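*Asks:* Predicted model and sequence follow; I will ask about them next.
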Amino acid sequence: MSDKGFAEKDEIFSKVLRAGRRTYFFDVRGTKAGDYYLTITESKKFTHDDGSYHYKKHKIYLYKEDFTAFKENLEEMIDYIIDEKGEEVISERHQKDFKKDHFEEDEEAEKVGVTTEKFTDISFDDI
């Protein structure tokens, strides 16, 4: 049996979460003994200068005996972050109205030591 056929057969239930350059796959899979476990896969797209791209994937296998502790730790970490920093997204890159081109221009300017700040309070008396 091919790997592809096996992968399709043992996938029981799946959900996908797209988050910018990252995609998360949540897959319920079956064991040989007929039980279930969860895989969480992070797939991140990387683009090369020539326009080609590749994906890097990281996978977590989560078994039923670890569900309770995993869920408790995850909830504790999420609660801590929300309590400490709130729900507002601070990173400009992750704002809904983020303009990728503008951000990349700013990054390029910083690399060569140029600032892209706007100067609005100039006094012509100083000239």
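*Replies:* Alright, I've got the coordinates.
*Asks:* C-alpha from now on. contacts and neighbour counts both.
*Replies:* Noted.
*Asks:* Just the strands from this protein, written as ranges.
*Replies:* 11-19, 22-30, 36-47, 53-63 (DSSP state E).
*Asks:* what's the closest of those strands to residue 86?
*Replies:* Smallest distance to residue 86 across those (C-alpha to C-alpha): 19.4 Å, for strand 11-19.
*Asks:* got a list of what residue 29 touches?
*Replies:* Shown in contact with residue 29 (C-alpha atoms under 8 Å, 6 or more residues apart in numbering): 10-13, 36-39.
*Asks:* where does this structure have low pLDDT?
*Replies:* 1-10, 92-127 (pLDDT under 70).
*Asks:* buried subset of the contacts of residue 29?
*Replies:* When the contacts of residue 29 are checked for burial by 16 or more other C-alpha atoms under 10 Å, the buried set is 10, 36-39.
*Asks:* Just send the strands of the chain back as TSV, with distance to residue 75 too.
*Replies:* Below are the strands of the chain laid out as TSV (distance: least, C-alpha to C-alpha, whole Å):
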stretch	distance to residue 75
strand 11-19	18
strand 22-30	17
strand 36-47	16
strand 53-63	16
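*Asks:* Relative to residue 91, which of these is closest?
*Replies:* Minimum separation from residue 91 across these (C-alpha to C-alpha) falls at strand 11-19, 14.2 Å.
*Asks:* Need the contact partners of that closest one.
*Replies:* Counting by C-alpha under 8 Å, 6+ apart, 23-30 sit against strand 11-19.
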